[in-house]
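**Q** okay, sequence plus prediction incoming.
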Amino acid sequence: MNVIILSNGGWHADELRRALGERGHAGRVVPYESLIASFGGGRAGASTLTADEASVLDADAVLVRFIPAGSLEQIVYRVDALHWIEDRGVPIVNAPRAIERSVDKFYTDARLREAGLPTPETYVCERAVDAMTAIRAMLGGRASDDGERAVVIKPIFGSMGHGIVRVSDPDVAFRVVQALDQLRSVFYVQRAIETGGRDVRVFVVGGRVIGAIERRAEDGDWRTNVSRGGSARPIVLAAEIEALALRAAAAIGAEYAGVDLLPSADGAMFVLEVNGIPGWQGLQRATGIDVAGAVVDHLVERVRSGRSAAVLPA
């Protein structure tokens with residue numbers, strides 16, 4: 001097969017290209033910025049989509065990696081191009097609908113809740129006064145000296161723990177909210193779950209769990225992201241936890257996903273996030289699993305079988 005890897009390069013793109021090559025397939029990495037759509041004049045004019053002179057619409061499949069930051073127009077154009085690729089019958093992993101659902105924390109939460117999955121108490125709003133009402137209700141209107149009562153304020157779009165603030169004092173929260181209000185942000189406010197500084201990342205490919213790690217925050221931090229210094233160790237999941245992760249990936253229609261779970265101190269398990277363009281460097285280092293190989297094997301099987309990407313009805 002000839003596979004286009006839409007990415008601006010880096011370790012993950014290199015891993016996917018390696019896995020394709022080891023299986024006798026050709027993988028070409030092309031940047032989003034090089035996408036050129038061309039529509040010929042008249043009804044008979046040819047329509048093409050190229051990237052660095054490679055014909056994307058003639059590829060056997062497309063693998064989507066990290067979509068780089070850009071203006072609103074640039075992001076919309078890139079995602080619309082993914083939709084067009086899929087509409088033209090080229091298998092694409094993950095599908096653009098899954099990416100749209102997963103990059104937006106609000107939309108992810110809505111899908112998870114509709115699927116009956118447990119998520120932390122969350123409020124999403126545009127007005128600062130509404131955000132503060134929710135924050136005060138979660139904090140009980142006062143600061144928490146013992147750290148048991150706290151909220152997390154997050155950007156709707158973002159990853160790797162960037163832009164996330166944890167506060168336990170309403171006065172501090174007010175200053176954070178005022179600053180975000182000046183940026184015309186949407187407020188995403190979530191009740192903090194006490195986990196002892198740990199969470200679980202489950203990697204799902206093709207409707208099965210291929211591996212999982214427990215991540216622990218670096219001393220002095222509460223974010224467990226390996227990219228921020230957190231540690232990781234491989235773990236074996238109970239059947240009911242595997243099922244939870246599989247249902248979460250299915251809720252956004254992701255063929256491969258990193259599902260983040262929060263084990264609370266009282267024994268409950270919450271679905272925190274589903275990443276539709278997940279990184280796996282920390283998981284691969286901790287487990288030794290060839291994640292790129294698993295993604296490529298799934299892609300090859302899907303192309304050969306002619307199966308649709310749909311996991312759930314759109």
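**A** Right, received. Where do you want to start? Numbering: from 1, shown residues only.

**Q** would you mind listing the residues in contact with the spatially most central residue of the chain?
**A** Within the chain, the residue whose C-alpha comes closest to the C-alpha centroid is N275; the distance, by CA atoms, centre = their mean, is 1.9 Å. Applying CB atoms under 8 Å, 6 or more residues apart in numbering, we find N275 in contact with 102, 159, 257-260. All C-beta atoms are positioned from the backbone trio N, CA, C, and that covers glycine.

**Q** gap between it and S47?
**A** From N275 across to S47, the span is 32 Å (CB to CB, to the nearest Å).

**Q** try E126
**A** As judged by CB to CB, E126 and S47 stand 39 Å apart.

**Q** repeat that for E255.
**A** According to CB to CB, E255 stands 26 Å off from S47.

**Q** and A69, by the same measure?
**A** When CB to CB is applied, the distance between A69 and S47 equals 28 Å.

**Q** how about V29?
**A** When CB to CB is the yardstick, V29 and S47 sit 24 Å from each other.

**Q** chain center to stretch 32-48: distance?
**A** Its chain's C-alpha centre lies 30 Å from the corresponding centre of stretch 32-48 when counted by CA atoms, centre = their mean, to the nearest Å.

**Q** show me the contact partners of it.
**A** Outside stretch 32-48, the residues within contact range by CB under 8 Å, 6+ apart are 6, 8, 49-52, 55-57, 67-68, 77-78, 81, 84.

**Q** how about 6 Å then?
**A** Contacts of stretch 32-48 from elsewhere in the structure, counted by CB atoms under 6 Å, 6 or more residues apart in numbering, are 49-52, 78, 81.

**Q** quick one: end-to-end distance for it.
**A** Terminal residues of stretch 32-48 are spaced 15 Å apart (CA to CA, to the nearest Å).

**Q** same question for that stretch, mean pLDDT?
**A** Throughout stretch 32-48, pLDDT has a mean value of 85.

**Q** buried sites along it?
**A** Taking 16 or more other CB atoms under 10 Å as the basis for neighbour counts, the residues of stretch 32-48 that come out buried are 32, 35.

**Q** equivalent analysis for stretch 281-298, please.
**A** Within stretch 281-298, judged by 16+ other CB under 10 Å, the buried ones are 282-284, 286-287, 289-296, 298.

**Q** helices - which of those land there?
**A** Assigned to helices by DSSP state H, the following of those qualify: 282-284, 286-287, 291-296, 298.

**Q** quickly list the domain ranges of the protein.
**A** The chain is divided into the following domains under automatic domain parsing: 2-93, 122-191, 195-305.

**Q** rank these by pLDDT, which is bottom?
**A** Per-segment mean pLDDT for those reaches its minimum on domain 122-191, at a mean of 86.

**Q** can you map out the helices along the stretch 51-200 of the chain?
**A** For the stretch 51-200 of the chain, the helices defined by DSSP state H, counting those that start in this stretch occupy 72-87, 96-103, 105-114, 128-139, 170-182.

**Q** summarise which helices and strands the first one is packed against.
**A** For helix 72-87, the contact count by 3 or more CB pairs under 6 Å, 6 or more residues apart in numbering; DSSP states H and E identifies helix 96-103 as packing neighbours.

**Q** I'd say L117 and F270 touch.
**A** No. Checked against CB atoms under 6 Å, the pair L117 and F270 is beyond contact range at 8.7 Å.

**Q** can you give me the strands for the stretch 101-250 of the chain?
**A** Chain-ordered strands for the stretch 101-250 of the chain, with DSSP state E, counting those that start in this stretch as the definition, fall at 122-125, 151-154, 165-167, 187-191, 198-205, 208-216, 231-234.

**Q** circling back: could you say which of the helices of the stretch 51-200 of the chain is packed most deeply?
**A** Between those, the one whose residues have the most neighbours on average, counting mean count of other CB atoms under 10 Å, is helix 96-103 (a mean of 22).

**Q** run the angle between that one and helix 72-87 for me.
**A** Interaxial angle of helix 96-103 relative to helix 72-87 (axes from the mean of the first three to the mean of the last three CA atoms, to 10 degrees): 140 degrees.

**Q** how about residues contacting helix 96-103?
**A** With CB under 6 Å, 6+ apart as the contact definition, helix 96-103 has outside contacts at 79, 82-83, 107-108, 111, 157, 252-254, 274, 276, 314.

**Q** sorry, back to before: which one of the strands of the stretch 101-250 of the chain has the most crowded surroundings?
**A** Burial among the strands of the stretch 101-250 of the chain, expressed as mean neighbours by mean count of other CB under 10 Å, is greatest for strand 198-205, which shows a mean of 24.

**Q** ok, that one: who's next to it in the sheet?
**A** With DSSP bridges as the criterion, the sheet partners recorded for strand 198-205 are strand 208-216 (antiparallel), strand 256-263 (antiparallel).

**Q** mind putting those into JSON lines with distance to L183?
**A** Below are the strands paired with strand 198-205 laid out as JSON lines (distance: least, CB to CB, whole Å):
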{"stretch": "strand 208-216", "distance to L183": "29"}
{"stretch": "strand 256-263", "distance to L183": "25"}
